[in-house]
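In: Below are the sequence and a predicted model; questions follow.
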Amino acid sequence: MGGDHGPSVTLPACRAFLAAHPNADLILVGQAPALAAAQGWPRCTLVTATEVVSMDDSIEVALRRKRDSSMRVALHQVKDGADACVSAGNTGALMALARFLLKTLDGIDRPAIATVMPNRQDGYTTVLDLGANVDCTPEHLLQFAVMGSALVSAVDGTAEPTVGLLNIGEEAIKGSETIKRAGELLRAAGAAGQIRFVGNVEGNDIFKGTVDVVVCDGFVGNVLLKTSEGLASMLGEFIKQEFTRGPYAKLAALVALPVLKRFKHRVDPRRYNGAALLGLRGLVFKSHGSADAYAFEQALARAYDAARNRLLDRVHDRIGGAVAAGSSASATGDAGLESAA
């Protein structure tokens with residue numbers, strides 16, 4: 001029911017997903033009139049909800065007043081045994097409801113939003129957090145690194161994904177005190193074999209494909225995400241404009257069109273739709289609110305792959321040892337400070 005377009009986008013996307021994934025089943029949650037079009041679909045269960053969380057509803061409204069919202073009922077399906085939940089609705093409400101209903105995994109203080117961005121290695125880089133946590137401690141950044149590693153390992157099959165900490169330079173002495181302390185924890189976790197930490201990275205490393213996972217706080221991550229989406233949109237507009245200019249510009253655009261189209265396809269944000277809310281006791285994926293049917297189908301496919309590859313189990317297996325390594329590093333650092341004092 002959520003997003004900018006609601007069932008006019010989500011229902012066609014669900015139908016396309018079912019056709020492309022013959023081993024998948026879907027539970028569609030929404031108001032009865034909206035679900036009528038899906039009546040009789042194979043491998044599809046319909047669950048009605050009487051309310052909808054709007055895009056401008058506050059977290060308080062979503063949590064306390066709309067107790068039969070489609071978002072809340074969908075998350076209850078995960079609590080009751082469904083493999084994953086996908087929503088294009090209000091991000092803040094989805095995160096709050098997911099934390100309230102599903103709770104966080106042991107060793108995780110805050111869930112993080114993770115998604116992928118295309119890189120020039122003909123692949124993509126996983127980045128987190130993208131807006132769930134504006135203020136992060138070094139321990140939170142360590143947890144994000146572990147969860148991001150588990151995500152890449154589960155979905156892409158990379159045994160030991162490389163992890164970088166987003167900073168203003170590669171040197172360990174650069175950055176805020178939070179970033180420098182996070183670097184210490186990440187290096188300790190790397191030395192303990194819990195993650196494959198390669199050090200600090202800069203913003204351009206995301207698109208170079210220098211590492212598999214880039215860790216940052218939610219403020220920086222959200223700005224990064226919106227900027228990259230804006231650049232992709234600007235490219236599409238540029239291609240359109242070139243065909244409205246004079247005859248020579250049109251001719252040049254026609255010659256370059258195949259290359260421009262391939263590049264536009266590579267950076268098309270719709271292909272990478274579907275951000276994972278990592279750290280919960282259940283799989284929850286957030287689709288972009290403005291997603292079209294193709295983009296929402298990609299979010300469904302991403303959630304399906306995560307469930308099929310046991311992402312939850314992988315996060316649980318990794319987090320304990322890494323947090324223990326971080327705690328050990330913290331204790332060592334505190335002892336050093338006491339000695340210096």
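Out: Thanks, I have the structure now.

In: Walking through the stretch 101-250 of the chain, point out its helices one by one.
Out: Secondary structure of the stretch 101-250 of the chain (DSSP state H, counting those that start in this stretch): helices at 138-156, 177-191, 203-208, 218-242, 247-267.

In: Quick check: which of those has the most neighbours on average?
Out: A comparison of the helices of the stretch 101-250 of the chain by mean neighbour count, using mean count of other C-beta atoms under 10 Å, puts helix 138-156 on top with a mean of 25. (Each C-beta comes from the backbone N, C-alpha and C, glycine too.)

In: Which pLDDT does the model give Glu242?
Out: Predicted confidence (pLDDT) for Glu242: 63.

In: Residues in contact with the longest strand anywhere in the chain: which ones?
Out: Among the elements of the chain assigned as strand by DSSP state E, the one spanning the most residues is strand 112-119. Outside of strand 112-119, the residues that reach it under the criterion C-beta atoms under 8 Å, 6 or more residues apart in numbering are 91, 95, 124-133, 140, 143-144, 147-148, 151, 206-209, 218, 221, 225, 228, 266-267, 271-272, 274-279, 286.

In: Over to stretch 202-211?
Out: Looking at what lies outside stretch 202-211 - C-beta under 8 Å, 6+ apart - the contacts are 117-121, 123-125, 127, 161-164, 166-170, 198, 201, 214, 224.

In: Roughly how far does the nearest residue in space to Tyr272 that is not next to it in sequence sit from Phe17?
Out: Closest residue to Tyr272 in three dimensions, ignoring its sequence neighbours and counting by C-beta to C-beta, 6 or more residues apart in numbering: Val116, at 5.0 Å. Noted for Val116: a distance of 18 Å to Phe17, by C-beta to C-beta, to the nearest Å.

In: try Gly279
Out: 25 Å.

In: Comparing these two, which residue is more hemmed in?
Out: For the pair Gly279 and Phe17, the greater number of neighbours falls to Gly279 (30 against 21), based on other C-beta atoms under 10 Å.

In: wait, the more buried one sits on His316?
Out: No - taking C-beta atoms under 8 Å as the contact criterion, Gly279 and His316 are not neighbours in contact, 10.4 Å apart.

In: Overlap of the contact sets of these two?
Out: With the criterion set as C-beta under 8 Å, 6+ apart, the overlap between the contacts of Gly279 and His316 is Leu105.

In: Strands of this protein, residue ranges please.
Out: Using DSSP E, the strands found in the chain span residues 26-30, 44-48, 84-87, 112-119, 123-128, 162-166, 196-201, 213-215, 275-278, 283-286.

In: Minimum distance to Ala62: which of those strands has it?
Out: The stretch from the strands of the chain with the least distance to Ala62 (C-beta to C-beta) is strand 84-87; that distance is 11.5 Å.

In: Dump that closest one to PDB, restricted to CA.
Out: The C-alpha trace of strand 84-87 is given here as PDB (Å, rounded to 0.1, in the frame of the first residue of the first chain):
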ATOM      1  CA  ALA A  84      11.100 -11.400   4.600                       C
ATOM      2  CA  CYS A  85       9.100  -8.200   4.400                       C
ATOM      3  CA  VAL A  86       9.400  -5.700   1.600                       C
ATOM      4  CA  SER A  87       7.800  -2.200   1.800                       C
END
